[in-house]
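**Student:** from the sequence below, what's the structure:
(one chain, ligands or ions: 2)
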Amino acid sequence: MKILILGAGGFIGVNLTERLLREGIHKITAVDIEKDKLQEVGVFDDPRLRYLHLDIRKDNDTLEQETKDHDLVIDLVALANPALYVTDPLGVFKLNFTENLKIVEYCVKHEKRIIQFSTCEVYGMTAASVVGKDPGEMPCPFIEDETPMIMGPIKNHRWIYACAKQLLERVLHAYGLQYDLKYTVIRPFNFIGPRIDYLPSEKAGNPRVFSHFMNALLYGTPMRLVDGGKAYRAYTIIDDAVDCMVRIIENPDGVCDKQIFNIGTPENEITIKEMAYLMRDIFDENFRQDGDPFPEIISVPSEEFYGKGYEDCDRRIADITKATELLGWKPTHDLRSVIYKTMEYFVDQHRAKQRRHETASAPSPATEAVSAPVRKRRLGEEVPSR
Ligand code: NAD
Ligand code: UGA
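**Tutor:** Ligands and ions are numbered 1, 2, ... in the order given. Got it, this is the predicted structure:
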């Protein structure tokens, strides 16, 4: 197939593009306004890859022509950090709904299949939270074609992201009904792994939680628990997620047409507070070097961290029966290894940066030998299991 990946330079996009190129079956056109991560994984030499620097908001003619020229469109473009839902709700709506709708309509017009990235946030909050119960007390797996979607009042504009994604899903469904559009919706449940976001001490912004906690471990900023860190999340390593995406792309016998898939790892559930402590432990056991900071763990009110209009998703567990039954997919990484693998990436990047810095300011090459050790883990040592 000729596959058009929009948002290929982002966290999921770069991991997916790398994997598809490694398999060597399809030709990829990678569209994004950023290319650093694609460069980092070294895919630009691959003759099956074409990179197109394109802002999907601006060049409609090119975007439509590209849609027409490909067999499959994978749309990952979105603003996907909760801090932005609070500070720029209109930007979130316009990119995540209006601009993405345009792509859907090009697919309808040119009869192309589309894989649309949505979010687990479309489910909103759990029923338990609405009736004032601790969400941990009630089982609440979210099921694609059954679970109702519960969101807070309009003044809590965090939900504009989830509503925009949900409305796009509903429009896709309607185009499926009335125009026979072949679409597949993917609802990711907290993927993490190499190349997710950035460290806020190195780049301005407010990324997702893993990057904040890594920043604390590497730069000594506090690990801040929003409203005490009582919310639950269940993390999936990007490799497992990409494995499911590849099956969706292959679409055996059309089983993914007009389907919505949760992709998540229900067993990997943890509260954010527990995750802060676990990340600090895993860092100490495997990566700590002399001189590394030992961050404190503190609680901050959500209004102070995000501003007015934030409301949290209390708990989200994916029911993955559909992906297992239709695609034979199951995630394979437990929580410790998910955290370990993601942490390893950040630590390696950071140590390499430190070494470059030391080498640049060193009086002689001897300095490089002194700064060479990368991490404390002993060779051959197992990744600790949960
Ligand atoms: P990301 O921010 O890393 O990637 C998005 C990419 O879109 C970026 O590379 C960005 O440069 C690009 N982009 C933004 N505006 C653009 C524009 N105008 N034109 C062209 N490119 C543009 O996000 P991600 O984590 O890779 O998420 C990808 C998709 O999956 C998003 O739709 C997101 O809502 C959804 N999602 C991700 C997760 C997760 O666990 N990472 C969870 C739920 C949903
Ligand atoms: C995010 C985004 O909405 C989307 O990328 C996506 O839809 C979803 O993740 C996903 O990955 O599935 P969320 O999980 O709320 O949603 O994003 P994070 O910023 O990672 O926050 C997770 C939890 O940690 C929240 O409870 C948040 O309040 C908390 N948090 C965040 C902290 O306690 N401390 C921090 O420093 C940052």
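**Student:** which residues touch the most centrally placed residue in the chain?
**Tutor:** Nearest to the geometric centre of the chain sits Phe191, at 4.6 Å (CA atoms, centre = their mean). Phe191 sits next to Phe11, Ile12, Tyr235, Thr236, Ile237, Ile238, Ala241, Ile263 when contact means CB atoms under 8 Å, 6 or more residues apart in numbering. (C-beta placed from N, C-alpha, C; glycine too.)
**Student:** and the last one, how many neighbours?
**Tutor:** If I follow you right, that is Ile263. Close neighbours of Ile263, defined as other CB atoms under 10 Å, add up to 24.
**Student:** any idea how far Ala128 is from it?
**Tutor:** Distance, Ile263 to Ala128, by CB to CB, to the nearest Å: 23 Å.
**Student:** next one: the fifth one
**Tutor:** Between Ile237 and Ala128 the distance is 27 Å, computed by CB to CB.
**Student:** got a list of what Ala241 touches?
**Tutor:** Ile12, Asn15, Pro188, Phe191, Ile263, Pro331 are the contacts of Ala241 under CB under 8 Å, 6+ apart.
**Student:** so which of those also contact ligand 1?
**Tutor:** Filtering the contacts of Ala241 for proximity to ligand 1 by CB under 6 Å from any ligand atom leaves Ile12, Pro188, Phe191.
**Student:** save those as JSON lines, and put in secondary structure and pLDDT too.
**Tutor:** Below are the ones next to ligand 1 among the contacts of Ala241 laid out as JSON lines (DSSP: H, G, I helix; E, B strand; the rest coil; pLDDT from 0 to 100):
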{"residue": "Ile12", "secondary structure": "helix", "pLDDT": "98"}
{"residue": "Pro188", "secondary structure": "strand", "pLDDT": "98"}
{"residue": "Phe191", "secondary structure": "strand", "pLDDT": "98"}
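**Student:** ok, Ile237 and Ala128, which is more surrounded?
**Tutor:** Ile237 (26 against 17).
**Student:** is it true that the more buried one touches His333?
**Tutor:** Yes: with contacts counted by CB atoms under 8 Å, Ile237 reaches His333, the gap being 4.4 Å.
**Student:** shared neighbours, those two?
**Tutor:** Going by CB under 8 Å, 6+ apart, residues that sit against Ile237 and also against His333 are Thr265, Lys341.
**Student:** now Ile5. Its backbone dihedrals?
**Tutor:** Phi and psi for Ile5, reported as degrees, to the nearest 10, are phi -110, psi 110.
**Student:** and the longest helix seen in the chain, what does it pack against?
**Tutor:** Of all segments of type helix in the chain, defined using DSSP state H, the longest is helix 335-361. Counting contacts by 3 or more CB pairs under 8 Å, 6 or more residues apart in numbering; DSSP states H and E, helix 335-361 packs against strand 191-192, helix 209-219, strand 236-237, helix 272-286, helix 366-370.
**Student:** hmm, who's touching the longest one?
**Tutor:** This points to helix 272-286. Residues outside helix 272-286 that contact it (CB under 8 Å, 6+ apart) are 209, 213-214, 217, 223, 225-226, 228-233, 270, 292, 294-295, 297, 335-336, 339-340, 343-344, 347, 375-377, 381, 383-384.
**Student:** and with 7 Å instead?
**Tutor:** With CB atoms under 7 Å, 6 or more residues apart in numbering as the test, helix 272-286 has contacts from 209, 213, 217, 223, 225, 228-231, 233, 270, 297, 336, 339-340, 343, 375-377, 384.
**Student:** buried among the residues you listed? Make that a PyMOL selection.
**Tutor:** With 16 or more other CB atoms under 10 Å as the criterion, this PyMOL line picks the buried residues out of the contacts of helix 272-286:
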select buried, resi 209+213+217+223+225+229+230+231+233+270+297+336+339+340+343+377
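**Student:** check the contacts of helix 272-286 against ligand 2, which are close?
**Tutor:** Within the set of the contacts of helix 272-286, contact with ligand 2 (CB under 6 Å from any ligand atom) is found for Val209, Leu225, Gly229, Ala231, Arg233.
**Student:** reformat those residues as a markdown table; add secondary structure, distance to Pro200 and pLDDT.
**Tutor:** Shown next, in a markdown table, are these (DSSP: H, G, I helix; E, B strand; the rest coil; distance: CB to CB, whole Å; pLDDT from 0 to 100):
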| residue | secondary structure | distance to Pro200 | pLDDT |
| --- | --- | --- | --- |
| Val209 | helix | 11 | 97 |
| Leu225 | strand | 16 | 98 |
| Gly229 | helix | 18 | 98 |
| Ala231 | coil | 20 | 95 |
| Arg233 | strand | 19 | 97 |
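**Student:** of those, which is the nearest to Leu52?
**Tutor:** Comparing these against Leu52 with CB to CB places Val209 closest, at 31.9 Å.
**Student:** from Pro207, how far out is the spatially closest residue to Gly229 that is not a sequence neighbour?
**Tutor:** Nearest non-adjacent residue to Gly229, counting by CB to CB, 6 or more residues apart in numbering: Lys273, 3.3 Å away. Taking CB to CB as the measure, Lys273 falls 19 Å from Pro207.
**Student:** swap in Val242?
**Tutor:** For Val242 relative to Pro207 (CB to CB), the value is 20 Å.
**Student:** how about the contacts made by the closest residue to Phe97 other than its chain neighbours?
**Tutor:** Spatial nearest neighbour of Phe97, chain neighbours left out: Ala164 (3.9 Å); criterion: CB to CB, 6+ apart. Counting by CB under 7 Å, 6+ apart, Ala164 makes contact with Val92, Phe93, Asn96, Phe97.
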